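**Q** turn this into a structure:
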Amino acid sequence: MRSEAFRQNYAAMAERVAEFRRKQEAARYERPKRDLDRLKRQDKLFVRDRIDLLLDPGTPFLELSSLAANAAYDGEVPSAGIISGIGIVNGREVILHADDGSVKGGAWYPLSVKKIIRTLDIAIENRLPVIHLCDSAGGFLPLQAHFFADRYYAGRIFRNQSILSKMGVPQVAIVLGHCTAGGAYVPALSDYAVIVRGTGAIFLGGPPLVKAATGEEVTVDELGGADLHTQVSGTADYPADTEQEAIALAREIVAQTTKARKTEIDWEEPEAPHYDPDELLGIISPDVKQQFDMREVIARVVDGSRFHEYQPAYGTTLVCGFARIWGYKVGILANNGVLFNDSSLKAGHFMQLCDRDGTPLVFLQNITGYMVGREYEARGISKDGAKMIMVQSGVRVPKFTVMCSGSFGAGNYGMAGRAYDPRFLFSWPQSQISVMGAEQAANVLAEVKIRQLAREGKTLTEAEIAEIREPLLKEYVEQGTAYHATSELWDDGMIDPRDTRNALGIAISASLNAPFGDPHYGVLRL
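**A** Alright, predicted model coming up:
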């Protein structure tokens, strides 16, 4: 295992992971001094200190999408101004939505809205209680056209809160700062609301807007403070004099809620992998063109490194089999090459076996796509790929996806990409995602342009062709990176490969708060 290739991979991947850690640390903690000083003047805690007080000491916290918006808004809205993640509060699994008041006063940008909606989607899918830590100046108005009017824009936040209430999933809001305009509905739609006296406020329009609209002059406290909403309007339930008291009250409230009865699946006492997860950095290559054996990855993620492979001699470009992750039995589908007819059929049959037995599915992506060409079309690759997609879309068991390397074309679809509602999807720092590889895409787009010019009677030199091709290649490479994908929230967060086992363990546990339901497959074209 300590070959020269292993050592080279390890050095390159260690550098990639260190870069990811640096960027994550900056997104979490680096803020302009003026913004931190403002919080102190307002007697407010930093958002991560709030979360530390809320969570049970010594318990894990799976932060989601920590690098959201890293490639947007000139890098000035770290984590999209929102912290979300799964943690434990008074022994109950919950999901958090916390506004970061140190970022633009907690204003919601388009990607902030997208992140909150995704957080609540996760709550709905997994029946997870929600705790909202509210401290927002409202929507960032210059970009309102990108977060207000459409179906999956800001209104979806409040729709999702209403759906959670209909489902009987508890929500607790802690009003630590202003809840302005649409943001006022977050505590109003929650089952319980705690508000901090002096700094917390809830109103549809703040004092400046009220004065402009009605001529009325009113203070923040008179308009939407703790005493008004806990003594007069009833919009909030509990006043608190400090943030610490408010968070303690929220913990007490969570303790009064009924614990969800979890779906039972096959479980045994967890066992650490026999092979060291640190070796993942030497196994995987930073170059997505370099293939590696996914069995070596599986051995460093699953309990005891034990893996029962299904149909090992058939459809060998897709590895399927059973293992355990933190004691939970799972069915794993992992790419070891392009998807052929046999590997597609193998996937469909294996997923049905897992679905029948109530075994969650884990997809480890390293896929260029389905095989193309006349021979494979004649064999029915489109039809067999459709069968795989049909079964994968219809399974009742939770799905979990990790983009380990390349995730290209329809291979992303068959392997439970974002569009197919995996409960959680994580990416590794060197992974790439796009409709096809950058080289192929640049060549295709350049060829289209060259033919267009040829029809106009123009002949291009090699240098002129390169001038067309290189900008296309550069743009495709940039938009295909893991950093671009996680910035746009195409995943639920970038993770260190060595943390894959822990991330999946927390995600699987959280998914069991929801019942599995019944499988429903569409028509399979035989």
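
**Q** packing partners of the host helix or strand of Leu280?
**A** Assigned by DSSP states H and E, Leu280 belongs to helix 280-283. For helix 280-283, the packing partners by 3 or more C-beta pairs under 8 Å, 6 or more residues apart in numbering; DSSP states H and E come out as helix 4-29, helix 294-298. Heads up, the C-betas are built off the backbone N, CA and C, glycines and all.

**Q** got the ones you listed as TSV, with mean neighbour count, distance to Ser65 and mean pLDDT columns?
**A** What follows is those, written out as TSV (neighbours: other C-beta atoms under 10 Å; distance: least, C-beta to C-beta, whole Å; pLDDT from 0 to 100):
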stretch	mean neighbour count	distance to Ser65	mean pLDDT
helix 4-29	15	10	96
helix 294-298	21	23	98
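
**Q** rebuild those helices as a markdown table, extending it with distance to Ile131.
**A** As requested, those are exported to a markdown table (distance: least, C-beta to C-beta, whole Å):
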| stretch | distance to Ile131 |
| --- | --- |
| helix 4-29 | 19 |
| helix 294-298 | 34 |
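
**Q** so which bits of stretch 452-472 are buried?
**A** Residues of stretch 452-472 classed as buried: 468-469, 472 (neighbour count, 16 or more other C-beta atoms under 10 Å).

**Q** can you check stretch 86-105 too?
**A** Neighbour-count burial for stretch 86-105, with 16+ other C-beta under 10 Å as criterion, is recorded at 86-90, 92-105.

**Q** pretty sure Val128 contacts Leu512?
**A** Residue 128: Leu, not Val. No: contact between Leu128 and Leu512 fails when scored by C-beta atoms under 8 Å: they sit 10.6 Å apart.

**Q** which residue of this structure sits farthest from its center?
**A** For the chain, the C-alpha farthest from the mean C-alpha position belongs to Gly457; by C-alpha atoms, centre = their mean, that distance is 49.3 Å.

**Q** could you measure from that one over to Ile468?
**A** Between Gly457 and Ile468 the distance, using C-beta to C-beta, to the nearest Å, works out to 17 Å.

**Q** all helices for the stretch 301-450 of the chain, in order.
**A** Along the stretch 301-450 of the chain, the stretches classed as helices by DSSP state H, counting those that start in this stretch are 341-357, 374-379, 381-394, 409-414, 438-455.

**Q** the fourth one packs against which elements?
**A** For helix 409-414, the helices and strands in contact under the criterion 3+ C-beta pairs under 8 Å, 6+ apart are strand 361-367, helix 381-394.

**Q** what lies in contact with that helix?
**A** By C-beta atoms under 8 Å, 6 or more residues apart in numbering, the surrounding residues in contact with helix 409-414 are 335, 338-339, 344, 347, 365, 367-370, 385, 388-389, 392, 419-420, 433, 435-436.

**Q** please spell out the ChimeraX selection for the buried subset of those residues.
**A** Selection of the buried residues among the contacts of helix 409-414 in ChimeraX, burial being defined by 16+ other C-beta under 10 Å:
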select :335,338,339,344,347,365,367,368,369,370,385,388,389,392,420,433,436
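
**Q** Met371 against Gly380, yeah?
**A** No: Met371 sits out of contact with Gly380 when judged by C-beta under 8 Å, with a separation of 11.4 Å.

**Q** more neighbours, those two?
**A** Neighbours were tallied for Met371 and for Gly380 using other C-beta atoms under 10 Å; the higher tally belongs to Met371 (19 against 16).

**Q** so how far is Gly414 from the more buried one?
**A** Plainly put, Met371 is 12 Å away from Gly414 if you go by C-beta to C-beta.

**Q** between those two, what contacts are shared?
**A** Overlap between the neighbourhoods of Met371 and Gly414 consists of Leu339, taking contacts as C-beta under 8 Å, 6+ apart.

**Q** shaky segments in the chain?
**A** Judged against pLDDT under 70, the low-scoring parts of the chain cover residues 1, 436-438, 441-442.

**Q** list the residues that contact both of Met371 and Gly380?
**A** When C-beta under 8 Å, 6+ apart defines a contact, the residues bordering Met371 and Gly380 alike are Asn341.
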